[in-house]
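S.K.: Quick one, what's the 3D model for this:
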Amino acid sequence: MKSQKSFSIVLVLALLIMPLLTACGPQKVTVTLETYKLTVSTNTVSAGKVAFHITNAATDQKHEFLIFKSDLPIDQLPTKPDGSVDESSTTAVKVFDSGELDPGASVDMTQDLVAGNYVVICNMVINGTSHYQQGMRAAFTVK
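M.R.: Here you go, the predicted model:
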């Protein structure tokens, strides 16, 4: 009887603690890259660890996912002559770069983000076409 009571107490404690442990994990953001389209599941997260699941859903070309910390409007990041964002700029500081993702490929990454304004983009230039200039960008806020 005593072991059954102990088991019940442990079970109740586990059920109470489990949601707290889950809440301590990173926030999850799903990113979908398509031809000239970038979609994030949420545009606002709390400061701390953020787990990104990034999928290149395009069937025809490579994409990449970059995070820049910047207070500039999403369409006014500093660019190079080819239309890609200047990754060495001091007004748009690169935080993360997934590297090139083949069509259908996915990657998971976790990044520790501080409060501020960010822009997430694809910075590929293929056949003279800048994906950033074609609209593969989104504002992203960390509170």
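S.K.: Can you verify my assumption that residue 98 contacts residue 109?
M.R.: Yes - counting by Cβ atoms under 8 Å, residue 109 is a contact partner of residue 98 at 6.7 Å. C-beta coordinates here come from the backbone N, C-alpha and C atoms, glycine included.
S.K.: Find residues that contact each of these two.
M.R.: Each of residue 54 lies in contact with both residue 98 and residue 109 under the rule Cβ atoms under 8 Å, 6 or more residues apart in numbering.
S.K.: Tell me the first helix or strand C-terminal of the helix-or-strand element of the chain with minimal mean pLDDT.
M.R.: Every helix and strand in the chain was compared by mean pLDDT, DSSP states H and E; the lowest is helix 2-23, with a mean of 50. Going down the chain from helix 2-23, the next helix or strand is strand 27-34, by DSSP states H and E.
S.K.: Show me where this protein dips below the pLDDT cut-off.
M.R.: Low-confidence segments of the chain (pLDDT under 70): 1-23.
S.K.: swap the cut-off to 80 and go again
M.R.: Low-confidence regions of the chain, defined by pLDDT under 80, span residues 1-24.
S.K.: Going by secondary structure, the spatially most central residue of it is in what exactly?
M.R.: By Cα atoms, centre = their mean, the chain has its centre lying nearest to residue 52, at 4.3 Å. Residue 52 belongs to strand 48-56 when assigned by DSSP H and E.
S.K.: I'm done for today, thanks for sticking with me.
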